[in-house]
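Novice: I need the structure of the sequence given here:
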Amino acid sequence: MRKSTVALCVLSTLYMPSLYADVQINGFASIVAGSSLSDDKSYYDYDKELNFNNDSKVALQFTADLGSGLRATAQVLSRGNNDYSAEFEWAYISYDISDKVMLMAGRQRFNLYKYSDYIDVGYAYHWITPPRGVYSLPFNSGEGVGLVYSDLWGDTEVGLTYKYITTSVSDYAPIGSSTPPAPFSAKGHIMNFNFVTSGFEVVK
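Specialist: Model (predicted):
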């Protein structure tokens with residue numbers, strides 16, 4: 001219920017008549033096929049029959065510039081392993097407090113690991129699918145608030161992200177487990193720090 005309410009609020013902002021000219025639409029798709037080499041064993045829900053649904057997905061992302069540093073973003077994602085049912089993966093409002101600090105509120109990513117922010121965009125990493133042992137969480141997104149800081153320190157690009165996010169699923173079962181599905185919830189404070197520098201000099 002909470003996810004639907006947040007998504008509907010953001011979606012109504014995106015489609016306000018006065019904002020049509022300022023809405024940007026992007027999308028991506030991953031078509032993945034797989035099968036197991038064993039006749040009697042399955043691997044991550046792949047058996048000997050070629051399967052196109054387990055890891056295939058299609059998404060559209062809508063971003064509206066509301067002016068004065070305020071933006072609305074929504075991403076609708078359809079997964080093959082969920083019968084291509086469309087769901088809101090992102091639905092948040094962001095505000096530029098300054099040219100270095102941005103505030104976010106709504107449904108957004110649990111950015112726990114390096115590729116978490118764009119885990120569904122297959123061409124962003126070199127695997128067909130990311131390592132299941134790390135990225136097989138029962139959720140990718142949740143409702144909460146976030147603060148993003150980015151700046152240039154000399155030759156170094158610096159980024160710091162803080163988020164407080166909560167989420168819940170009604171029928172979680174670990175991949176590869178025979179455990180019956182059960183409700184699962186999580187909440188947490190997440191902080192990431194990253195930097196990219198070009199200031200190194202090799203002296204010969």
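Novice: contacts and neighbour counts: CA atoms only from here.
Specialist: Will do.
Novice: now the helices: where do they sit in the protein?
Specialist: 2-14, 132-135 (DSSP state H).
Novice: who's in contact with the last one?
Specialist: Spelled out, that is helix 132-135. Defining contact as C-alpha atoms under 8 Å, 6 or more residues apart in numbering, one finds that helix 132-135 is touched by residue 116.
Novice: pLDDT (mean, whole number) over it?
Specialist: Here helix 132-135 scores 72 as its mean pLDDT.
Novice: flag every buried residue along it.
Specialist: With burial defined by 16 or more other C-alpha atoms under 10 Å, the residues of helix 132-135 counted as buried are residue 135.
Novice: please compute how far it lies from its chain's middle.
Specialist: Centre-to-centre, helix 132-135 and its host chain are 15 Å apart (C-alpha atoms, centre = their mean, to the nearest Å).
Novice: now do residue 188 against residue 88, distance only.
Specialist: From residue 188 over to residue 88 the distance is 21 Å, taken as C-alpha to C-alpha, to the nearest Å.
Novice: do the same with residue 74
Specialist: As judged by C-alpha to C-alpha, residue 74 and residue 88 stand 7 Å apart.
Novice: the two: who's more crowded?
Specialist: Taking neighbours as other C-alpha atoms under 10 Å, residue 74 and residue 88 compare with residue 74 leading, 25 against 22.
Novice: right, and the more buried one touches residue 94 too?
Specialist: No. The pair residue 74 and residue 94 fails to qualify as a contact (C-alpha atoms under 8 Å) at a distance of 11.2 Å.
Novice: pLDDT below threshold where in this protein?
Specialist: Applying pLDDT under 70 to the chain picks out residues 1-21, 115, 118, 122-125, 174-177, 199-204.
Novice: residue boundaries of the strands in it?
Specialist: Secondary structure of the chain, counting by DSSP state E: strands at 23-30, 57-67, 70-79, 86-96, 101-109, 141-153, 156-172, 182-197.
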